[in-house]
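Chemist: Quick one, structure for this:
(chains A and B)
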Amino acid sequence: MLLDTKTASSATARVPELVANLEKAARFVRQHSIASIYHAGSGHPGGALSCADILACLYGAELNLWPSDVNDPTRDRFVLSKGHAAPALYAVAAHYGFCSPQDALSLRKLNSPFQGHPHVCDLPWAETSTGSLGQGFSVALGMALGLKMKASKARVYTLLGDGEMQEGEVWEAAMCAAHHKLDNLCVLIDYNKLQSDDLNDNIMRLEPLAAKWRAFEWAVAEIDGHSLRGILSGLRSASVTQGRPSVLICHTTKGKGVPYMEGKPQWHGSVKLTREQAEEALKALAASADEIKDFLDVR
Amino acid sequence: MSAEAPTLIGTSGDSLREAFGKALAGLASEFPKVVVLDADIAGGTGVHHFRKSNPERFLQFGIAEQNMMAAAGGIAAVGYIPVVTTFAVFCLRAIEQARLSLAYAKRNAKIVASHPGLDVGPDGGSAQALEDLAAFRAIPGMTVISPADPIEAALATRAILEFQGPVYMRTGRSPSKRVYGESHTFEIGKGHIVRDGSDVTIVACGVEVARAIEAAEKLAEESISTRVVNMATIKPIDSALLVRCAAETGAIVTAEDHNIHGGLGGAVAEALAATHPCPIEFVGVKDTFGASGEPEELAHHFGISAPFIADAAKRAIARKRT
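Modeler: Numbering: from 1, shown residues only, chains lettered A, B, ... in the order given. Next comes the predicted model:
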């Protein structure tokens, strides 16, 4: 968004600078998500932390989307289908100027537009309302179909959780997008291997996940969902794929960046963070003492 | 060498679905933003007419109603007016998608459901949606419509396209009796007095309007003066008209091809209970599932045909306080 990486020649020279900016954005997304969940007294930290790098790449480098005109019909669309990662969406939006970082700390409070799951009528840049798994994907598909009918160059991106793959609607949409050859649609899967109650493998096995998407005739790439260069490269490949939709299976760690949360399903949420837990998390996320105070001591 | 194509049974004839389908095709050029979504039953819902005239605006979703319903939200979000078409039972299958991705997101999307109620006939209980009016009525911001005959179905088709916001509209499978002539007008949210009377008011929707008129004729033979109101918009209900009918006739009967719980009867009772309580009798399917049979046989079997409406009218009148 801030740097036009779609202009390949100029982007190459700027990659180190871009990556440094995205690292900063991802760190802010994680810090802000912890702070907003702390203030809310509830929320889903694990899956917000795991998708921070993906969101930073999308908003910082991929989406043709500007805070100055969130209704521009030619804009790219991003739909957070795993709506429970709302704190990460609000944080990345705050970092890139779609809302104020301070306002976004009112997560889950009465009269706040920053509801526990994104609602388009409160926040137009959320693009649609999500929180019931599977639906955001279908809505994104509908946008991609409509934009194709309009011969628009705009692209549509949607982020799904891994547990979300268990919804039948996901596979209805996967079949439909391939049938309609929606090469303007890119699905990203935050594959952190954990869902609400336990490991995916213990709840309902997803593997072989890439083979499933290939069988549905999608262009499939498996990437490290915490490698900014890997994500950017995956997004670039998806944007030049023709005749079929793309899926990036992003291997991630649930709770990434906060050691006491990493890989533990109990931090899926919805959880209450104590002051000590929030401070420890922010320290682990390289927040300074002043930043920690700023994040946690707001009214 | 191939065998002759089979003759399809149950042609749509003069049905509400056929009237809707023809009207929609006829309105296509006037409403260029309209796109039609189908889940492999265009021949059943009437939208094969639109597919023929406007194939580039006809979107096939296969037998996958949940995806279709939510995708309509995305199609609406980029500026089209999606008309989601399937059978009423399959709208129930996708009702959570209608709730979140259409109603909660305030999308200008239209759901048009054919094959509601016992009117489905021989396909039997699994196919007969008797819960859809109640379920869709409970969704905030959802307008719910059930036209009385093919003329009104065509008028309502135009009205929902002109209307801004999510709508659930029933059509009907079986050939329908005509209630109206070509001069009829339709407005969302307004009930229509089809026949005036002073002793009791029958408030009906869909196929029950014609049966209510039949009941009123029987009652007239017994010197009972019966008003018949076609309440084609179940939500928002025409409370002003209901209050007037309660005041002027003192007794109400509701009649619907739907479960007695939560549909038109519920809406009428809610509207009157607070300010103008009066005796109300409810004609509908008594909290049970349907069965195979011809629509008229089923109407009689499940107690929603004209004689049952007439009996209910007499009960309501008997309960009036003098």
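Chemist: Please count neighbours and contacts with C-alpha atoms only from this point.
Modeler: Noted.
Chemist: Show me the helices in chain A, by range?
Modeler: Secondary structure of chain A by DSSP state H: the helices cover A:8-40, A:45-50, A:52-57, A:86-95, A:135-149, A:168-179, A:200-203, A:209-215, A:228-240, A:275-284, A:289-296.
Chemist: Centre of the chain to the helix or strand of chain A with the lowest mean pLDDT, how far?
Modeler: The helix or strand of chain A with the poorest confidence is helix A:8-40; it has a mean of 88 (mean pLDDT, DSSP states H and E). Taking Cα atoms, centre = their mean, to the nearest Å, the mean C-alpha location of helix A:8-40 is offset from the chain mean by 12 Å.
Chemist: what stretches of the stretch 51-200 of chain A score poorly on pLDDT?
Modeler: The model of the stretch 51-200 of chain A has no residue with pLDDT under 70.
Chemist: The nearest residue to residue A:113 once chain neighbours are set aside: how many residues sit nearby?
Modeler: Computed as Cα to Cα, 6 or more residues apart in numbering or on different chains, the closest residue to residue A:113 that is not its neighbour in sequence is residue A:122, at 5.0 Å. Using other Cα atoms under 10 Å in any protein chain shown, residue A:122 has 15 other residues around it.
Chemist: tell me what the least confident helix or strand of chain A is packed against?
Modeler: helix A:45-50, helix A:52-57, helix A:86-95, helix A:228-240, helix A:275-284, helix A:289-296 (3 or more Cα pairs under 8 Å, 6 or more residues apart in numbering or on different chains; DSSP states H and E).
Chemist: and the ones you listed as TSV, adding mean neighbour count and distance to residue B:251?
Modeler: What follows is the helices and strands packed on helix A:8-40, written out as TSV (neighbours: other Cα atoms under 10 Å in any protein chain shown; distance: least, Cα to Cα, whole Å):
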stretch	mean neighbour count	distance to residue B:251
helix A:45-50	30	58
helix A:52-57	28	61
helix A:86-95	28	52
helix A:228-240	18	66
helix A:275-284	18	64
helix A:289-296	15	63
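Chemist: residues touching residue B:148, list them.
Modeler: B:179, B:205-210, B:230, B:232 (Cα atoms under 8 Å, 6 or more residues apart in numbering or on different chains).
Chemist: For these, which single residue is the most surrounded?
Modeler: residue B:232 (32 neighbours).
Chemist: What distance do you get for that one to chain A?
Modeler: Separation of residue B:232 from chain A (Cα to the nearest Cα, to the nearest Å) stands at 29 Å.
Chemist: From what I see, that residue and residue B:147 are in contact.
Modeler: Yes: counting by Cα atoms under 8 Å, residue B:232 does reach residue B:147; the two are 4.9 Å apart.
Chemist: in chain B, which segments are predicted with low confidence?
Modeler: Scanning chain B for pLDDT under 70 picks out B:1-13, B:322.
Chemist: Just grab the bridge partners of the residue nearest to residue B:315 when sequence neighbours are not counted for me.
Modeler: Leaving aside its sequence neighbours, residue B:315 sits nearest to residue B:281 (Cα to Cα, 6+ apart; 7.4 Å). With DSSP bridges as the criterion, residue B:281 is bridged to residue B:253.
Chemist: Residue B:281: how many residues sit nearby?
Modeler: Neighbours of residue B:281 using other Cα under 10 Å come to 23.
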